[in-house]
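Colleague: coords please:
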Amino acid sequence: MRATRAVQKILANYEGETPGVKANLCRMLMEGKLGGTGKMIILPVDQGFEHGPARNYAMNPAAYDPHYHYQLAIDAGLNAFASPLGMLEAGADTYAGQIPTILKVNSANSLMSDTAGKNQAVTASVDDALRLGCAAIGFTIYPGSDAQLDMYEEIVEMRKEAAAKGIATVIWSYPRGEAITKDGETAIDVAAYAAQIAALLGAHIIKIKLSTDHLMLPEAKKVYEKEKIDVSTQAARVKHCMDASFAGRRIVVFSGGAAKGADAVYDDARAIRDGGGNGSIIGRNSFQRKREDALAMLSKLVDIYKGKA
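Modeller: Below you'll find the model as predicted:
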């Protein structure tokens, strides 16, 4: 497999990285229907921890089976499949080598009190990722949480170990917690800040939410207004988040969020494409649909990122 010029250009941004990390980034970028384009669609199925089984899978009971998700990612021609330890182990032998995988190494759940604070437990290791043949580890941080500094220290150590063993790191950077209002979780100034934090922590791939034009931080708001930073459209906000990710020198994928209509998913993808984002990481909006509907939707997303739709 020879990397395309588009992929080589992306890999050149990761100066000082180990050959193993670059090889695994290349592996994901060259996989599937978007292979070689520099764009990515990743299937994440880590929501069972946070929301529970019925809320995730009851609307499409076939999705209770881990093999369903492996097969969906393969048949849809996606770049990678991300999930916690148990789900990846449940299909690791059957699907070995057929789709790059990302091991989600920390998780939270909704069975905690509101006073517990926003944090996640480490639930898997770099050695687990190595044993399962994963291309990357995935780790969530909560900028705005009282526990955020502990989370930063955890991922810095895990990233160091992963890089030494040739495994890439994906950081889910989700503003949440005691210092963040509900509207602030998707405010553009906070979203760009979250992307910057993930880049500074050494993320090879950054996962953030699409944002609104709301500005939460008073001091930041003054700068946005003075410098006339354009956040008027979703594409403009994607571009701003790419600027925050080392001027686009880091791969950034945007999450799909809760289930929504297909047209809204397509509009999001067009905004990501037009704003220079690298792609989508889309879970509930795919696996909560019936398989044939999910495949049709993912096929159209591929066309959108190829500029055909």
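
Colleague: so Asp303 sits in a helix?
Modeller: Yes - under DSSP: H, G, I helix; E, B strand; the rest coil, Asp303 sits within a helix.

Colleague: and the closest residue to Lys260 other than its chain neighbours, how many residues sit next to it?
Modeller: If the residues on either side of it in the chain are set aside, Lys260 comes closest to Asn285, at 6.3 Å by C-beta to C-beta, 6 or more residues apart in numbering. No exception for glycine: its C-beta is placed from N, CA and C like everyone else's. When neighbours are counted by other C-beta atoms under 10 Å, Asn285 registers 23.

Colleague: please apply the same query to the one 3 residues further on.
Modeller: When counting by other C-beta under 10 Å, one arrives at 19 neighbours for Gln288.

Colleague: I figured it was touching Asn56, is that so?
Modeller: Yes - counting by C-beta atoms under 8 Å, Gln288 touches Asn56, with 7.3 Å between them.

Colleague: pull up the overlap in contacts between these two.
Modeller: The contact sets of Gln288 and Asn56 overlap at Ala63 (C-beta atoms under 8 Å, 6 or more residues apart in numbering).

Colleague: correct me if wrong: the residue nearest to Lys260 contacts Asp263.
Modeller: No - counting by C-beta under 8 Å, Asp263 is not a contact partner of Asn285; they are 11.7 Å apart.

Colleague: so where do the helices sit in the stretch 151-300 of the chain?
Modeller: 188-200, 218-226, 234-244, 262-274, 284-287, 291-305 (DSSP state H, counting those that start in this stretch).

Colleague: figure out which of those is closest to Gly38.
Modeller: Closest to Gly38 of the helices of the stretch 151-300 of the chain, according to C-beta to C-beta: helix 291-305, at 9.3 Å.

Colleague: all strands for the chain, in order.
Modeller: Using DSSP state E, the strands found in the chain span residues 40-44, 80-84, 101-104, 106-107, 121-122, 136-141, 168-173, 205-209, 251-255, 279-281.

Colleague: pull the residues that contact the first one.
Modeller: Contact partners of strand 40-44, identified using C-beta under 8 Å, 6+ apart, comprise 28-29, 32, 34, 69, 72-73, 76, 78-83, 102, 104, 138, 251, 253, 255, 278-283, 286-287, 298, 301-302, 305.

Colleague: repeat for the fifth one
Modeller: Under the criterion C-beta under 8 Å, 6+ apart, residues Val105, Asn106, Ser107, Ala108, Glu154, Met158 lie in contact with strand 121-122.
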